[in-house]
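**Q** Sequence plus predicted model, see below.
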Amino acid sequence: MSSSYFKIIGKNPLHGTIVPQGNKNEALPLLGALLLWEGDVILENLPEIADVLKLMDVLRHIGVEITSLDTKGSYLFQKKNPVKSDLPYELCSQLRGAVTLAGPILARTGRVFLPKPGGDKIGRRRMDTHLLALEALGAKIEVFPDGYMLTADRLFGKDILLDETSVTATENAVMAAVFAEGTTIIRNAASEPHVQGLCRFLLTAGAKIEGIGTNQLTIIGVTSLSSPEGVLKHRIGSDYLEVGSFISLAAVTGGEIHITDVNQEDIRMIRMVYSRLGIEVRPTETGILVPSDQKMEIIPDYHGATPKIDDAPWPGFPADMTSVALVTATQCKGTVLIHEKLFESRLFFVDHIIAMGAQIILCDPHRAIVIGANRLYGQRVASPDIRAGMAMIIAALCAEGQSEIHNIVQIDRGFESIDTRLRSLGAQIERIPN
């Protein structure tokens, strides 16, 4: 584990053009989905971040050969040996994304031992929705202190109502249902862009999935997957959460950034929320432009009521953007309530932002009132999770003086070479060995 930290000097407007990385949340389930396909798979635009690289190590452990291709972010995956059913505990316990291997390995081999997954420390992340969905398809589940044993001689299509709109549980259920006998209906399904990307990948491979982009998916089971091209190729979409972070960086530093390779549909709600903070974004032929002439003033609700930014299942505001929205709001004139409904510990990072000079009232684990605009000052802070880490970078880049951000191993899990890429925009950020 790296012990490096970021040294950041703020108050420098960022300018230039930047390309968002591939969507982390699409890449992780795709690494599981490729196990369903007998032939070779080429994935393009894979973000070379810690979580993805670790999950690729897990695939190597269970029998997948991986070759880096000439184009950055492109990899060839070959399954020359039978896929193993037991996942390595040491690797899987370090990342949440390993959970999406359960569905495809169960469907392929009839058994899988899933170690208890790791990941961000943002509150309890229950496994029940995954297990209940796979159990409905015919899996038998044994619970052990260190993980779960799932077995199934055969999987059968079922009408499944998920008890929560879980992205990864939806993905697991879809992948398992591809090989289930008969028809599976998944209701209350997540429909985020990365779920859609996974479903389109499976469609290309010969799966039969209807309702992509809605909260009801219908999967008609097949006995195998095939592609007329022989080698299955898929390009991962751009990370709309990173796009949202770059919008914030431009706005709070008073800079102007052109972000290319942006799917406009993916950021509609992000743009709507930012507009309520007085931040406007202009579409371009190749992406979006965040101009320097921002109002940075929170628009109250009708009759002057305090507005609220709250997360919700797609197409609502992404939960992973709440940390960034909170820090952005500190630089906007007015008052706003941030309501993070999903995780009970995600907002605890605000103590660090308060120490930098922000006026934030943490009402409870899920709600914080931000009163802006605040002048922030450099501090020594530590990142508890991926998204809080990016929020801290944003705070440091608009703060006066020098900041240090420690525990950046968390940031590296989700953002590829973020220091190098931000320096290309004029940010004063250095990675310092500890």
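**A** Thanks, I have the structure now.
**Q** Distance-wise, check Arg187 relative to Asp159.
**A** Separation of Arg187 from Asp159 (Cβ to Cβ, to the nearest Å): 7 Å. The way it works is simple: take the backbone N, C-alpha and C, and place the C-beta from them, glycine included.
**Q** same check, this time on Glu90
**A** Distance, Glu90 to Asp159, using Cβ to Cβ: 38 Å.
**Q** swap in Gly197?
**A** 25 Å.
**Q** And Trp37, by the same measure?
**A** 27 Å.
**Q** Comparing the two, which residue is more hemmed in?
**A** More neighbours surround Trp37 than the other of Trp37 and Asp159, with 24 against 11 (other Cβ atoms under 10 Å).
**Q** can I assume the more buried one is in contact with Thr204?
**A** No: taking Cβ atoms under 8 Å as the definition, Trp37 is not a contact partner of Thr204, at 9.6 Å.
**Q** Leaving out chain neighbours, which residue sits closest to Thr151?
**A** Arg111 (4.5 Å; Cβ to Cβ, 6 or more residues apart in numbering).
**Q** For the one you found, give me its contacts.
**A** Arg111 makes contact with Ser85, Met149, Leu150, Thr151, Ala152, according to Cβ atoms under 8 Å, 6 or more residues apart in numbering.
**Q** burial measure for Asn434, as a count.
**A** Using other Cβ under 10 Å: Asn434 sits among 8 other residues.
**Q** So that it lines up with my notes, have the first residue be 37 from now on.
**A** Will do, 37 is the new start, and the previous item becomes Asn470.
**Q** Tell me if I'm right that it and Lys43 touch.
**A** No: counting by Cβ under 8 Å, Asn470 stays clear of Lys43, with 11.0 Å between them.
**Q** count of neighbours near Asn180?
**A** If you look again at residue 180, you'll see it is Phe, not Asn. 10.
**Q** who's it bridged to?
**A** Gly183 (DSSP bridges).
**Q** distance of it from Thr204?
**A** From Phe180 to Thr204 the distance is 20 Å (Cβ to Cβ).
**Q** ok so, going back, quick one: which of the contacts of Arg147 has the most company?
**A** Busiest of those [other Cβ under 10 Å] is Leu186, holding 24 neighbours.
**Q** so what's that residue up against?
**A** Leu186 neighbours (Cβ under 8 Å, 6+ apart): Ala138, Leu142, Arg147, Val148, Phe149, Leu150, Leu167, Leu170, Ala175, Lys176, Ile177.
**Q** By neighbour count, sort out the buried ones in those.
**A** Buried members of the contacts of Leu186, counted by 16 or more other Cβ atoms under 10 Å: Ala138, Leu142, Arg147, Val148, Phe149, Leu150, Leu167, Leu170, Ala175, Ile177.
**Q** Please give me every residue in contact with the first one.
**A** Pointing back at Ala138 there. Neighbouring residues of Ala138 by Cβ under 8 Å, 6+ apart: Val148, Leu150, His166, Leu170, Tyr184, Leu186, Asn208.
**Q** from the residues you listed, which has minimum pLDDT?
**A** Scanning the contacts of Ala138 for pLDDT, the low point is Leu150. It has 88.
**Q** For that residue, name its beta-bridge partners.
**A** Tyr184.
**Q** if I look at it, how far off is Met185?
**A** For Leu150, the distance to Met185 - Cβ to Cβ - is 8 Å.
**Q** go on, Arg223?
**A** 27 Å.
**Q** low-scoring stretches of this protein, by residue?
**A** For the chain, the stretches with pLDDT under 70 are 37-38, 154-161, 263-265.
**Q** let's see 50
**A** 37, 155-160 (pLDDT under 50).
**Q** Could you pull out the helices in it for me?
**A** 60-69, 86-97, 125-128, 138-145, 164-172, 203-213, 229-240, 276-289, 304-312, 358-365, 386-391, 422-434, 445-448, 454-459 (DSSP state H).
**Q** Take those and write them to a markdown table, including distance to Glu80.
**A** A markdown table is the format used below for those (distance: least, Cβ to Cβ, whole Å):
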| stretch | distance to Glu80 |
| --- | --- |
| helix 60-69 | 11 |
| helix 86-97 | 13 |
| helix 125-128 | 24 |
| helix 138-145 | 20 |
| helix 164-172 | 28 |
| helix 203-213 | 20 |
| helix 229-240 | 12 |
| helix 276-289 | 17 |
| helix 304-312 | 24 |
| helix 358-365 | 27 |
| helix 386-391 | 37 |
| helix 422-434 | 23 |
| helix 445-448 | 22 |
| helix 454-459 | 19 |
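**Q** just checking, Leu71 touches Pro140?
**A** Yes: at 4.4 Å, Leu71 and Pro140 qualify as touching, with contact defined as Cβ under 8 Å.
**Q** Pick out whichever of these two has more residues nearby.
**A** Each of Leu71 and Pro140 has its neighbours counted (other Cβ under 10 Å); Pro140 has more, 27 against 23.
**Q** what's the more buried one in contact with, if anything?
**A** So Pro140 contacts Gly68, Ala69, Leu71, Leu72, Met211, Ala212 (Cβ under 8 Å, 6+ apart).
**Q** Thanks a lot, see you next time.
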